[in-house]
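Asker: sequence first, then the predicted structure, then my questions.
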Amino acid sequence: MSAKVRFAPSPTGKLHVGNIRTALTNFLYTKGQGGQFVLRIDDTDLERSTKEYEDGIKADLDWLGLHWDETFRQSERFERYNAVAADLRAKGLLYPCYETEDELDRKRKLQRAQGKPPVYDRAALDLTDAQKATYEAEGRKPHWRFKLSGRTVTWTDLVRGETPIDTASLSDPILIREDGSYLYTLPSVIDDIDSGISAIIRGEDHVTNSGAQIEIFEAIAGHSPQLGHHPLLVGPDGGKLSKRLGTLSISGLREEGIEAMTILSLLAKIGTSDPVEPRLEIARLIEEFDLSKFSRAPARFDPEELMRLNARLLHETPYESVLPRLQALGADAGPDFWDAARPNLHRLEDAVGVLKIVEGPVTPVVEDADRDYIAAAAEALPAGELDAGSWSIWISELKARTGRKGRDLFMPLRLALTGDRHGPEMDKLIVLIGRERILQRLKG
Ligand code: GLU
């Protein structure tokens, strides 16, 4: 069977780096085997799901280059879920329960007080038809639970290896609420079966869930897909990231000027045995991907590492691949400009500032102590058109004329020509600025 995986976000918020790490892991896993990537929109919660969030999810995945082969919404499939639920009822695997939230709460408190785990006691299985009728007459509507086997479910997890879950330690999961709406558990299993999903790769927070879902898979289809659970992201200090995820949305990072490939380069490698390196192509990440490289420890996500990686990635990015975006920024001044500018960029937008240094207007900074030196520099500027060698000729000449060395030689020139202590390499910059503007700034 060829690989087919899915990414199944709920359209109840924006995608963040944690979601994308799961999406990317699935994408790299399946594309490495020539398989398919399905985008499933988990919108069974009709109240909280919105079209805006769904559109945002699709725009983010598109921008990142995580293109899906198929997509569908769970909200389009309620008829199918109802049919499977009817089947499970007929098999006695889905049973009605009439406890209210308060009653369930009281049961759990009592169990805890007795030192027992708060597992549902299955009282509803003993209800007679007459008792059920009484509840219904009182206006109570049932919620529906799946009857777990009470055995230990074991699977060979793609990340964790042999993973046992004792279903006797779990409450029978509620699949359908009183109002007839579905929780995520059953629709997900039905969709994975109907889509022919070969592997479910998701966060470790779903491990227990998988114990129950495997039994539902077996009840409906006789077997389950492969399962893999990757450790979750934590902050740079090892602490929870959950509170900060809101500020780490993909659209937010994009607005901050983080490149799509920076995000993917980092998320593909943290929590694995590979070093984090800027990668310009998803194809490279696909080649390097292997679930066996995943660590069992949480993956540390450091927003500052993302910023640093963004700079490293831009430094390696060829002119052709940024040309349209440079043009859109009004910061295209040819390949030589890009070569001079890119080692200093943290964000592509910074190229605008570099172009301003080249084209001006620049306010030259000349310290009083350097006035004569700058005047000498204007005289010593090599004749003819400036090229890659001009800077060192110029500096050597000034050294010979003035006896200055090191910083004292070049910093006054950088300040006079750019108005700043930092910036692109002077040898490249003076070629771009050109003789006329150089003389203007030195004499300015
Ligand atoms: N919508 C579910 C979630 O975001 C999907 C989980 C899964 O991959 O099965 O948690």
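Answerer: The structure has been received and is ready for your questions. Numbers count the residues shown, from 1 in each chain.
Asker: contact partners of the host helix or strand of Gln440?
Answerer: For Gln440, the host element (DSSP states H and E) is helix 426-443. For helix 426-443, contacts defined as CB atoms under 8 Å, 6 or more residues apart in numbering pick out 333, 336-337, 339-340, 357-358, 360, 362, 364, 374-375, 377-378, 381, 385-388, 390-392, 394, 410, 413-414, 416-418, 423. Backbone N, C-alpha and C define where each C-beta goes, glycine included.
Asker: pLDDT of it, averaged?
Answerer: The average pLDDT within helix 426-443 is 96.
Asker: try stretch 239-247
Answerer: 74.
Asker: quick one: distance of that stretch to the chain centre.
Answerer: 13 Å (CA atoms, centre = their mean, to the nearest Å).
Asker: kindly check the end-to-end length of it for me.
Answerer: The straight-line separation of the ends of stretch 239-247 (CA to CA, to the nearest Å) is 16 Å.
Asker: and for Arg279, the neighbour number?
Answerer: Arg279 has 22 neighbours, counted by other CB atoms under 10 Å.
Asker: the ligand next: which of the contacts of helix 426-443 are close?
Answerer: Among the contacts of helix 426-443, not one lies near the ligand by CB under 6 Å from any ligand atom.
Asker: only the buried subset of those, as a PyMOL command please.
Answerer: In PyMOL, a selection of the buried entries from those looks like this (16 or more other CB atoms under 10 Å):
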select buried, resi 333+337+340+357+358+360+362+364+374+377+381+386+390+391+394+413+414+416+417+418+423
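Asker: shouldn't Gly228 be within a strand?
Answerer: Yes. Assessed by DSSP: H, G, I helix; E, B strand; the rest coil, Gly228 belongs to a strand.
Asker: was I right to think it contacts Ser198?
Answerer: No. Using CB atoms under 8 Å, Gly228 is not in contact with Ser198, being 11.1 Å away.
Asker: what sits closest to Lys51 if chain neighbours are left out?
Answerer: Pro11 (7.6 Å; CB to CB, 6 or more residues apart in numbering).
Asker: ok, that neighbour - contacts?
Answerer: With CB under 8 Å, 6+ apart, Pro11 has these contacts: Ile41, Asp42, Asp43, Ser49, Thr50, Lys51, Tyr53, Glu54, Ile57.
Asker: so which of those is surrounded by the most neighbours?
Answerer: Ile57 (24 neighbours).
Asker: residues contacting it?
Answerer: Pro9, Pro11, Lys14, Leu15, Leu39, Ile41.
Asker: quick check: the residue of the stretch 301-444 of the chain nearest the ligand.
Answerer: Per CB to the nearest ligand atom, Phe301 is where the stretch 301-444 of the chain lies closest to the ligand, at 18.0 Å.
Asker: so that residue versus Leu233, what's the distance?
Answerer: 5 Å (CB to CB, to the nearest Å).
Asker: swap in Leu264?
Answerer: Counting by CB to CB, the gap from Leu264 to Leu233 is 15 Å.
Asker: quick one on the thing from earlier: go through the contacts of Pro11 and name the one nearest Gly271.
Answerer: Nearest to Gly271, judged by CB to CB, of the contacts of Pro11 is Ile57 at 22.9 Å.
Asker: give me the pLDDT value at the closest residue to Leu323 other than its chain neighbours.
Answerer: When the adjacent residues along the chain are set aside, Leu323 lies closest to Asp332, with 6.4 Å between them (CB to CB, 6+ apart). Asp332 is assigned a predicted lDDT (pLDDT) of 94.
Asker: Asp332: neighbouring residues, count only.
Answerer: Asp332 has 18 nearby residues by other CB under 10 Å.
Asker: for it, phi and psi?
Answerer: For Asp332, the backbone dihedrals (degrees, to the nearest 10) come out as phi -100, psi 120.
Asker: pretty sure it sits against Leu326.
Answerer: Yes. Assessed by CB under 8 Å, Asp332 is found in contact with Leu326 at 4.1 Å.
Asker: can you tell me which residues contact the closest residue to His230 other than its chain neighbours?
Answerer: Excluding the flanking residues, the one nearest His230 by CB to CB, 6+ apart is Val159, at 5.3 Å. Listed by CB under 8 Å, 6+ apart, the contact partners of Val159 are Ile201, Gly228, His229, His230, Pro231, Leu291, Phe294, Arg296.
Asker: next helix or strand past the helix or strand harbouring Leu306?
Answerer: Element membership of Leu306 [criterion: DSSP H and E] is helix 303-316. Going down the chain from helix 303-316, the next helix or strand is helix 319-329, by DSSP H and E.
Asker: give me the mean pLDDT for that next one.
Answerer: 97.
Asker: what helices or strands is that helix leaning on?
Answerer: Contacts defined by 3 or more CB pairs under 8 Å, 6 or more residues apart in numbering; DSSP states H and E place helix 319-329 against helix 334-341, helix 350-359.
Asker: would you format these as a markdown table with distance to Asp121 included?
Answerer: What follows is those, written out as a markdown table (distance: least, CB to CB, whole Å):
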| stretch | distance to Asp121 |
| --- | --- |
| helix 334-341 | 68 |
| helix 350-359 | 63 |
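Asker: for Met307, which of those is the nearest?
Answerer: Smallest distance to Met307 across those (CB to CB): 12.1 Å, for helix 350-359.
Asker: quick one: contacts of the helix or strand bottoming out on mean pLDDT in the chain?
Answerer: Lowest by mean pLDDT, DSSP states H and E among the helices and strands of the chain is strand 233-234, with a mean of 92. For strand 233-234, contacts defined as CB under 8 Å, 6+ apart pick out Val17, Gly18, Arg21, Lys240, Leu241, Ile270, Gly271, Pro298, Ala299, Arg300, Phe301.
Asker: can you name the residues that contact the first one?
Answerer: Translated: Val17. The contact partners of Val17, taken as CB under 8 Å, 6+ apart, are Leu233, Leu245, Leu248, Ile250, Leu253, Ile263, Leu267, Phe301.
Asker: among the contacts of strand 233-234, find the lowest-pLDDT one for me.
Answerer: For the contacts of strand 233-234, the pLDDT minimum is Leu241, 78.
Asker: what about Leu93, distance to the ligand?
Answerer: Distance of Leu93 to the ligand, computed by CB to the nearest ligand atom, to the nearest Å: 20 Å.
Asker: ok, now how distant is that residue from Ile174?
Answerer: With CB to CB as the criterion, Leu93 and Ile174 are 13 Å apart.
Asker: what residues does the stretch 51-200 of the chain have near the ligand?
Answerer: Tyr184, Ser188, Ile200.
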